[in-house]
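K.L.:
fold the following, please.
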Amino acid sequence: MERVELPQLHEHPLIAFNRFAFSGCQVCSHFFSDFDVNAYGGYCCNELGCDEAVFHKECAKPLKEINHSFHPDHPLKLIIPTFPLKYSQPHICFCGRVFKVGYFCSLCDFKLDLECARRPEPLILLKNSYGHGHEHPLKLICDCEPYFGIRWEFCKVCIKGLDPADPYYRCQECKEYSFHVDCVDFFPEAYHTSHPQHPLKSLRGQVPDYADKKCLLCEEEFDQLHHQFHHCDVCNFSICRECIRHPPPVNIQCLKTHEHQLHVVPRLIDFTCNACGMQGNRSPYFCLQCNFMIHRECIDLPRVININRHDHRVSYTPRLGHGEWKCKVCRKIVDGFYGAYSCSKCPTFAVHARCATRTGVWDMVEREGTPEEEEEIAPYEVIDDNTIRHFSHDHNLQLNKDGMILSENTVCKACVFEISSEPFYICKHQQCDFILHEKCANLPRKKRHVCNNLPFTLHTDSHFTFLCALCDQYSTDSLDHESHPHSLYYYCTCNTKGCRLCENTKGCRLCENEGNYLFSCDECDYTLNGKCALLPKKVMKKRYDDHPLFLSYGDMNVDEKYWCEACEKKVEPKEGFYTCNDCGVVLHISCLFGDFSYMMPGSFISVDSEYGVYAFINHGSVTRSNDEVVSNTSTSRPICYVCNTRCKLPSVLKVSRNEDVVFICSLKCRRHFKSDK
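P.N.:
Residues are numbered from 1 along each chain as shown. Presented below is the predicted three-dimensional model:
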């Protein structure tokens, strides 16, 4: 891929692209506040995490010096911005707009932004790039003197008043025929490259009843009250202001997309895009020789990319071929006779082209021509059949599958869940208490996740722990849960479904999170909160029972009444709970797992009075709080200083108050405690 160094504009090398970009140009977007400046072709950044740096070709490489009739006495030199561009010093164009890339006169206090530098000469017959605008010459009026009287002149395009203190164009013969500088591209009647047979009329407000309410070219919906658009009442052809100013090219040559030249078909027409297999209803690009049709958004699709739904690279293929394919993003059928993305290492993996290149799925980096990333590094070194050296620990760890009896509340150093009867690795060093679930020891060093485009790296820093933004523990984008026969998929959206375990429609009651991070079934109305979906199936709580407690999903007899062994309150049979299969002991989930259940005992936390915990700080941290997470395993359980009840949960907060030490049972109580101090 061609790389261009533009150090004044951007810190990374830029690559040329030929597709339609729908993010504003980093240079000329400074001029416009009412609409984005889309572009076909230009330069963009190809660095991970830097996906919004887009530049028009003409904006990325402006001339170093120009002569312009707006200032005929001296040449104008390019203003070179300081890096980074967004922090560069702003300048004011003679027209009053603020800009950061433009031109200046070294002898006079005259500055010109790039937009005005491209304006037509002020004393010629004004024509926009789409046809005749006005039959008489227009003169640029630039008195730029304050005017405090009544505005007698109005712009013929936007019908707003003209301020004599700002530059504007005036017809030399009609006198009262005047335009704002920004409105010269939007004459009351003008021809357009996509509709050369009739002039388009500039309209504002109500769209005619017979007309389509969206732009024919870009599908932008017209604002019924304020949107300015352009319309041909002979052909029922309507396009938006942005497509008037920056029209899509009539012809496109992109060999990566198609071997022949493509031509735009500016009309309402139902078609299936050959590149992505999805339906379209307006203005495709068409190859007459091949009967090939394509969305303009699908031109120049990237060849090799990473997406956050898969750990391998995926590659674009014009045809998947025969077979039953299902998209791993939207989970709908993928037609194998059209273009899509597939994985060379996973034969059944397929993704719609449009799904794979969505902003929230693709990391926006094109990988074609770049070396494959290194193979995944194993999380441990195998010493023998039962011994490993894990990257997170200095000593050898021995595998135990025989159900070694451990003390109550022995927790895994990775997930902070209790070690029960599951296989685990334990340190062979006599004075070391390091222990890991077998499944936690096998966690990959790097992992892609549906909630973010950037890959995650597994950290083991003993001086810092944190709350997962989704569910307070390790999570996946889909899971198979024993409470339901179908797969559950991750959703981050406003959802009225409630969690089947905690019956909360706004957020899980376990973490008091009102976010909308849910796992839902596509086939039926079944939803689990992320935290509930990943609860352990079996726990050991000898305080309540000598046998294992198993997670139940509301399958008890609804006609009977059950009471929690811990809080002695009623258990709703339809909700989730833990129970002993031998003794019939029943406990609320919330009585086994509290706000501090996912924190390693000995950690210190800081608490925000409004939002709860925002940082977890372990021993050795530079900043240290007085709130320590401690195990609640003593025979006589402490009383919460705030709610005045016995702290029944496995972990509580020990808080210093003046010279006293008090205990807090939950984040809710901790916030009240802080406000009382």
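K.L.:
are we agreed that H672 is in a helix?
P.N.:
Yes - in this structure, H672 lies within a helix as judged by DSSP: H, G, I helix; E, B strand; the rest coil.
K.L.:
you'd agree it is up against V642?
P.N.:
Yes - in terms of CB atoms under 8 Å, H672 counts as a neighbour of V642; the distance is 5.1 Å. Any C-beta I mention is one placed from the backbone N, CA and C, and that applies to glycine too.
K.L.:
which one of those two has more residues nearby?
P.N.:
The neighbour comparison of H672 against V642 (other CB atoms under 10 Å) goes to V642, with 19 against 15.
K.L.:
now do that one, the pLDDT please.
P.N.:
As predicted, V642 sits at a pLDDT of 87.
K.L.:
quick check, it in a helix?
P.N.:
No - counting by three-state DSSP, V642 is not found in a helix; it is coil.
K.L.:
which helix or strand lies directly C-terminal to the lowest-mean-pLDDT helix or strand in the chain?
P.N.:
Least confident helix or strand of the chain, by mean pLDDT, DSSP states H and E, is strand 131-132 with a mean of 40. Note on strand 131-132: by DSSP states H and E, the next helix or strand toward the C-terminus is strand 138-141.
K.L.:
that next one - contacts with which helices or strands?
P.N.:
The contact analysis (3 or more CB pairs under 8 Å, 6 or more residues apart in numbering; DSSP states H and E) places strand 138-141 against strand 168-171.
K.L.:
tell me the strands beside the strand it packs on, with direction?
P.N.:
Applying DSSP bridges to the sheet, strand 168-171 is found paired with strand 138-141 (antiparallel), strand 178-180 (antiparallel).
K.L.:
can you put those strands in CSV and add mean pLDDT, mean neighbour count and distance to A16?
P.N.:
Formatted as CSV, these follow (pLDDT from 0 to 100; neighbours: other CB atoms under 10 Å; distance: least, CB to CB, whole Å):
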stretch, mean pLDDT, mean neighbour count, distance to A16
strand 138-141, 72, 20, 35
strand 178-180, 76, 22, 34
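K.L.:
closest to P90 out of the ones you listed?
P.N.:
With CB to CB as the measure, strand 178-180 is the member of the strands paired with strand 168-171 nearest P90 (21.4 Å).
K.L.:
please, where are all the helices along the stretch 151-300 of the chain?
P.N.:
241-245 (DSSP state H, counting those that start in this stretch).
K.L.:
could you list the low-pLDDT ranges of it?
P.N.:
151-152, 164-165, 175-176, 182, 184-188, 224-226 (pLDDT under 70).
K.L.:
same list, the strands paired with strand 168-171, but as CSV with distance to C564 please.
P.N.:
Formatted as CSV, those follow (distance: least, CB to CB, whole Å):
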stretch, distance to C564
strand 138-141, 81
strand 178-180, 71
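K.L.:
and C243, how far from L216?
P.N.:
8 Å (CB to CB, to the nearest Å).
K.L.:
and for the two, which residues touch both?
P.N.:
Residues within reach of C243 and of L216 at once, by CB atoms under 8 Å, 6 or more residues apart in numbering, are S194.
K.L.:
follow-up on the earlier one: of the strands paired with strand 168-171, which is nearest K401?
P.N.:
strand 178-180 (78.4 Å).
K.L.:
hmm, who's touching that closest one?
P.N.:
138, 141, 153-158, 160, 162, 166, 168-171, 187.
K.L.:
which of those residues count as buried?
P.N.:
138, 141, 153, 155-157, 162, 166, 168-171, 187 (16 or more other CB atoms under 10 Å).
K.L.:
which of those sit farthest apart?
P.N.:
Between all members of these, the farthest pair (by CB to CB) comes out as D166 and F187, at 19.1 Å.
K.L.:
correct me, but V207 touches S238?
P.N.:
Yes - between V207 and S238 there is a contact under CB under 8 Å: 7.2 Å.
K.L.:
so which bits of the top strand by length along the chain are buried?
P.N.:
If you go by DSSP state E, the chain has its longest strand at strand 195-204. Under the neighbour-count criterion of 16+ other CB under 10 Å, strand 195-204 has 195, 199-200, 202-203 buried.
K.L.:
helices or strands up against it?
P.N.:
Partner elements for strand 195-204 (3+ CB pairs under 8 Å, 6+ apart): strand 189-192, strand 228-232, strand 237-240.
K.L.:
with Q253 as the reference, name the closest of those strands.
P.N.:
strand 189-192 (21.5 Å).
K.L.:
dump that closest one to PDB, keeping only the CA atoms.
P.N.:
Extracted C-alpha coordinates of strand 189-192, given in PDB (Å, rounded to 0.1, in the frame of the first residue of the first chain):
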ATOM      1  CA  GLU A 189     -31.400  26.600 -10.100                       C
ATOM      2  CA  ALA A 190     -28.400  24.600 -11.100                       C
ATOM      3  CA  TYR A 191     -27.500  21.600 -13.100                       C
ATOM      4  CA  HIS A 192     -25.900  18.600 -11.500                       C
END
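K.L.:
paired strands for that strand, with orientation please.
P.N.:
strand 195-204 (antiparallel).
K.L.:
what does the partner strand contact?
P.N.:
131, 157-159, 186-192, 226-235, 237, 239, 244, 266.
K.L.:
switch to 6 Å and redo it
P.N.:
For strand 195-204, the external contacting residues (CB atoms under 6 Å, 6 or more residues apart in numbering) are 157, 186, 188-189, 191-192, 228-232, 234, 237.
K.L.:
ok, of those residues, which come out buried?
P.N.:
Buried among the contacts of strand 195-204 by 16+ other CB under 10 Å: 157, 186, 188, 191-192, 228-232, 237.
K.L.:
would you mind measuring from the closest residue to C218 other than its chain neighbours to F237?
P.N.:
Among residues not flanking C218 along the chain, C243 sits closest, at 5.6 Å (CB to CB, 6 or more residues apart in numbering). Distance, C243 to F237, by CB to CB: 11 Å.
K.L.:
swap in K213?
P.N.:
From K213 to F237 the distance is 14 Å (CB to CB).
K.L.:
give me the residue at the spatial middle of this structure.
P.N.:
Residue closest to the average C-alpha location in the chain (CA atoms, centre = their mean): G360, at 4.4 Å.
K.L.:
ok, now which ones touch L107?
P.N.:
Here L107 is in contact with H74 (CB under 6 Å, 6+ apart).
K.L.:
pull the host helix or strand of Y316 out as PDB, backbone CA atoms only.
P.N.:
Secondary structure from DSSP H and E places Y316 in strand 314-317. What follows is strand 314-317, C-alpha atoms only, in PDB (Å, rounded to 0.1, in the frame of the first residue of the first chain):
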ATOM      1  CA  VAL A 314     -10.500 -12.500   7.800                       C
ATOM      2  CA  SER A 315     -10.200 -12.000   4.000                       C
ATOM      3  CA  TYR A 316     -12.700 -10.700   1.400                       C
ATOM      4  CA  THR A 317     -13.700 -13.100  -1.300                       C
END
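K.L.:
how about stretch 232-247 as PDB, C-alpha atoms only?
P.N.:
Taking Å, rounded to 0.1, in the frame of the first residue of the first chain, the C-alpha atoms of stretch 232-247 are listed here in PDB:
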ATOM      1  CA  CYS A 232     -36.400  18.400 -10.200                       C
ATOM      2  CA  ASP A 233     -40.200  18.400 -10.500                       C
ATOM      3  CA  VAL A 234     -40.100  17.000 -14.000                       C
ATOM      4  CA  CYS A 235     -38.200  13.800 -13.100                       C
ATOM      5  CA  ASN A 236     -39.000  13.600  -9.300                       C
ATOM      6  CA  PHE A 237     -35.300  13.800  -8.600                       C
ATOM      7  CA  SER A 238     -34.100  15.000  -5.100                       C
ATOM      8  CA  ILE A 239     -30.700  15.300  -3.600                       C
ATOM      9  CA  CYS A 240     -29.300  16.800  -0.400                       C
ATOM     10  CA  ARG A 241     -27.100  19.900   0.100                       C
ATOM     11  CA  GLU A 242     -24.000  17.700   0.700                       C
ATOM     12  CA  CYS A 243     -24.400  15.900  -2.600                       C
ATOM     13  CA  ILE A 244     -24.800  19.100  -4.500                       C
ATOM     14  CA  ARG A 245     -21.600  20.500  -3.000                       C
ATOM     15  CA  HIS A 246     -19.600  17.200  -3.200                       C
ATOM     16  CA  PRO A 247     -21.200  15.000  -5.900                       C
END
